[in-house]
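Enquirer: Turn this into a structure:
(one chain, ligands or ions: 1)
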Amino acid sequence: MKDRIGTETYFTPKQAAGYFNLSLSTIKNYIYAGRLKTLITPGGHHRISKSELLTMLEGGNDAPENSGRDGHLIKLCCNALLNTFKLLGNPGNYFLIHARSVSKISGAISKAMGLTKKEIEETAMTGLVHDIGHIGIERRVILKEGTLTPQEYELIKSHPVIGYEVINSIDQIKDIAGAVRQHHERIDGSGYPAGLSGNNIHKAARIISIAEAYDSMVSEHSYKRPVSKEAAIAELMHNRGGQFDAEIVEVFVKMNP
Ligand SMILES: [Fe+2]
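Expert: Down below sits the predicted model:
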């Protein structure tokens, strides 16, 4: 039951999720991220005021964090960098389309996780340029359609570090360079380039890893045969806690992509 104190209506997290048509994990993430202030009952339970949640959803609490001019510059720089994929000719179109999809999915996951507006924007921009390091690898390797030799695969694996170096050299976007470097790290430490594990991997990189895998699996533009959304989700679920951050996979699955 909803509680009324004075003229204010209070919800449990589950009631708030139902009332505002959000998932319970989204509400919890808003609380854990400190974006949604709650009353704590004597029993230690959260109660959420309707007006507080409405204010937050309408963006009122985001105002101090608006990235404004800086956010605009980040977008300009990332989009300018993205144009370099055109150097790869027609096959570069796949990188462009994939980059835009990963950016969109990463932004949506960040929003569902209850991250701040600045974090959402930065994660979306990191998604846009995460694979930019490919432009520094020999074209014959990037554009090869057959199976890669072990040496060629090692060259491909250098793209997160090359991307980091490119982005770190541009003052306006160097803050997202670290996440670009880490987008092929895995939660269990089996990824590259550094073999980082768990929360030592930047949150944006953990999000992008899931968005990238999903888009690569379902995309018509990939060189691989696309699989159904259901099969892609099953693959993410199967690898949660190993390749992927389990909590972020669950947020993504609840978004019903
Ligand atoms: Fe990549």
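Enquirer: the strands in the chain, which residues?
Expert: 3-5, 8-11, 39-40, 46-49 (DSSP state E).
Enquirer: Show me where this structure has its helices.
Expert: Secondary structure of the chain (DSSP state H): helices located at 13-19, 24-32, 50-57, 68-82, 92-112, 117-129, 139-142, 150-156, 159-168, 177-181, 203-218, 229-238, 246-254.
Enquirer: next one: the fifth one to chain centre, how far?
Expert: So that's helix 92-112. For helix 92-112, the gap between its own C-alpha mean and the chain's C-alpha mean amounts to 8 Å (Cα atoms, centre = their mean, to the nearest Å).
Enquirer: residues of that helix that come out buried?
Expert: 92, 95-99, 101-103, 105-112 (16 or more other Cβ atoms under 10 Å). In this view, the C-beta of every residue, glycine as well, is placed from N, C-alpha and C.
Enquirer: what's the answer for the second one, then?
Expert: Residues Ser25, Thr26, Ile27, Lys28, Asn29, Tyr30, Ile31 are the ones in helix 24-32 that count as buried (16+ other Cβ under 10 Å).
Enquirer: which residues does the third one contact?
Expert: Contact analysis of Ile27 by Cβ atoms under 8 Å, 6 or more residues apart in numbering lists Pro13, Ala16, Ala17, Leu36, Ile48, Gly114.
Enquirer: Distance to Ser190, neighbour count and pLDDT added to these, as TSV?
Expert: Conversion of the contacts of Ile27 to TSV gives the following (distance: Cβ to Cβ, whole Å; neighbours: other Cβ atoms under 10 Å; pLDDT from 0 to 100):
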residue	distance to Ser190	neighbour count	pLDDT
Pro13	35	21	88
Ala16	38	26	81
Ala17	35	18	77
Leu36	35	23	81
Ile48	39	25	88
Gly114	29	23	93
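Enquirer: Could you single out the nearest of the residues you listed to Leu81?
Expert: Proximity of those to Leu81 (Cβ to Cβ) peaks at Gly114, which lies at 28.7 Å.
Enquirer: I'd like to know how far the closest residue to that closest one other than its chain neighbours sits from Arg35.
Expert: Once flanking residues are discounted, Gly114 sits nearest to Asn29: 3.4 Å by Cβ to Cβ, 6 or more residues apart in numbering. Distance, Asn29 to Arg35, by Cβ to Cβ, to the nearest Å: 9 Å.
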